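K.L.:
show me the folded form of this:
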Amino acid sequence: MYSTILALHSLVRWFVLASLLFAIFRAFNGWLSKRSFSSVDNAVRHWTATIAHIQLIFGFLLYFISPIVNYFLHNFSDAIHLREIRFFGMEHSLMMTTAIVVITIGSVRAKRKQTDHEKYKTMALWFSAGLLIILSSVPWAFSPLISRPYFRPF
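P.N.:
This next block holds a predicted model:
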């Protein structure tokens, strides 16, 4: 079960990144070109937040069954000094949860704005902030600190 959820979590991250990039592109484009906020834009806003929530669910599942996190929680005083254990036990989970909260707030606030200009602006700024948090906390394959493969096999 652990390896399946880990593979799904690894796969869904690409959907999160792609949907965020697409939503941010549409938001900035609509904001700067003063377009009307269409039903497609609203669907992009909604589905971007939904995909991020699905990823968060996989992340929470992993947090509770991961041997790395289990070690972190049961050996905190030693584990806090081990970079990889600390990253997955605390840093990654905290930052990703924060990113999803930021994306959710942005989605809800954009939905409630009255003007199209405000909807695009809100979506662009909040989703961009969420993306920056995510990019800073993904264990990229090229990272010298913590690295994981781009895709995990099922």
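K.L.:
buried residues in stretch 10-28, which are they?
P.N.:
Neighbour counts over stretch 10-28 (16 or more other Cβ atoms under 10 Å) mark 10, 12-13, 16-17, 19-20, 23-24, 26-28 as buried. Backbone N, C-alpha and C define where each C-beta goes, glycine included.
K.L.:
strands of the chain, start to end?
P.N.:
Along the chain, counting by DSSP state E, no stretch forms strands.
K.L.:
picking up where we left off before, and which of the buried residues of stretch 10-28 is nearest Gln114?
P.N.:
Among the buried residues of stretch 10-28, Ala27 lies closest to Gln114 (Cβ to Cβ), at 16.5 Å.
K.L.:
now the closest residue to the closest one other than its chain neighbours: how far from Arg86?
P.N.:
Computed as Cβ to Cβ, 6 or more residues apart in numbering, the closest residue to Ala27 that is not its neighbour in sequence is Ala124, at 3.7 Å. Distance, Ala124 to Arg86, by Cβ to Cβ, to the nearest Å: 33 Å.
K.L.:
higher neighbour count, the two?
P.N.:
Ala124 (22 against 17; other Cβ atoms under 10 Å).
K.L.:
please consider this matter closed, and thank you.
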